[in-house]
Structures are given as structure tokens and as C-alpha cells.
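In: I would like the atomic coordinates for the input below:
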Amino acid sequence: MSAGKVSLAEKFALFQETWTPKIVAQCNGQLVKLAKGEGRLVWHAHEHEDELFLVIKGELTLHLRLPDGEPSVVLGPGDMYVVPKGIEHCPQATPDTHIVLIEPASTAHTGQHQVAQTVAQEDQAWL
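Out: The predicted structure follows:
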């Protein structure tokens, strides 16, 4: 378990896989995860958990299915967005996008959808 200072640049340099969250810290039941993105993940929702996306590098588009439409939110470096629980979303990233995720430890990677890209909670390694 991580405690103290974490260098995000050093941690991002340790892996190349895309859409494969790596845990770098835990705080009050929330996990801080790093992921690299490229292309689309999958449409999914987290029934009981909000999910925070913070872009460090690149560009992330969050496609959202909201009751009043299907907008997209485009995030660049330094931008963040919280997807509320229950909202279906589909992350899409430009090559080599670096993302910090903050979410409860109970959050399933792709919600109820199990696809080739899904990483089980027990397989989300600590860096």
C-alpha cells in the first residue's frame, strides 16, 4: 500500500497497457488509480459509485448517456470530471493519454459489462 509521496510521472513510466488501471494510493476507502488510454473503452455504468477522471496528458472524451441527451465532455491536461453513479459512459482517448481515476474500492472496471478489456478488481495491480 502506498503512503506518502507518489511521482505520477514515474508511475506512468512503469506500464504501457491501455485501459488497465494501476492502483497507486488508497484514502478513506477510495482508490487512486492510473490508466493510459487510447481509442474507446466500452459503454458502462457504475450503479453505486461516482468516478472521477483527471487528465494528466492527452485528451479524453467522456461520452455520456444522460436523461436529457447524450453529450460528450472533452478533457485536456489539468481537466477533471466526475461521472455520477448510474450514468452510462464511454471513455475515448487520443494515443498516450494519461488519466488519474479516483473511485471507491468497490468500483468494477467496466461496471456489469465483461469484455476483453475488463480488468477484474483483484487483478488491478499496485504500482
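
In: and for residue 30, the neighbour number?
Out: For residue 30, the tally of surrounding residues (other Cβ atoms under 10 Å) stands at 17. No exception for glycine: its C-beta is placed from N, CA and C like everyone else's.

In: which residues does it form beta bridges with?
Out: Judged by DSSP bridges, the bridge partners of residue 30 are residue 27, residue 104.

In: residues contacting it?
Out: By Cβ atoms under 8 Å, 6 or more residues apart in numbering, the residues touching residue 30 are 102-105.

In: before we move on, what about residue 82?
Out: Applying Cβ under 8 Å, 6+ apart to residue 82 gives the contacts 50-53.

In: from residue 68, how far out is the spatially most central residue of the chain?
Out: Using Cα atoms, centre = their mean, the residue of the chain that lies closest to the mean C-alpha position is residue 101, 4.4 Å off. Applying Cβ to Cβ, to the nearest Å, the value for residue 101 to residue 68 is 26 Å.

In: tell me the buried residues in the host helix or strand of the residue nearest to the centre of the chain?
Out: Element membership for residue 101 (DSSP states H and E) is strand 88-104. Buried residues in strand 88-104, counted by 16 or more other Cβ atoms under 10 Å: 88-93, 97-103.

In: closest one to residue 41 out of those residues, please.
Out: Comparing these against residue 41 with Cβ to Cβ picks out residue 91 as the nearest, at 4.7 Å.

In: what is that closest one paired to in the beta sheet?
Out: residue 62.

In: and residue 69, by the same measure?
Out: Under DSSP bridges, the beta-bridge partners of residue 69 are residue 66.

In: neighbours of it, how many?
Out: Counted with other Cβ under 10 Å, residues neighbouring residue 69 total 7.
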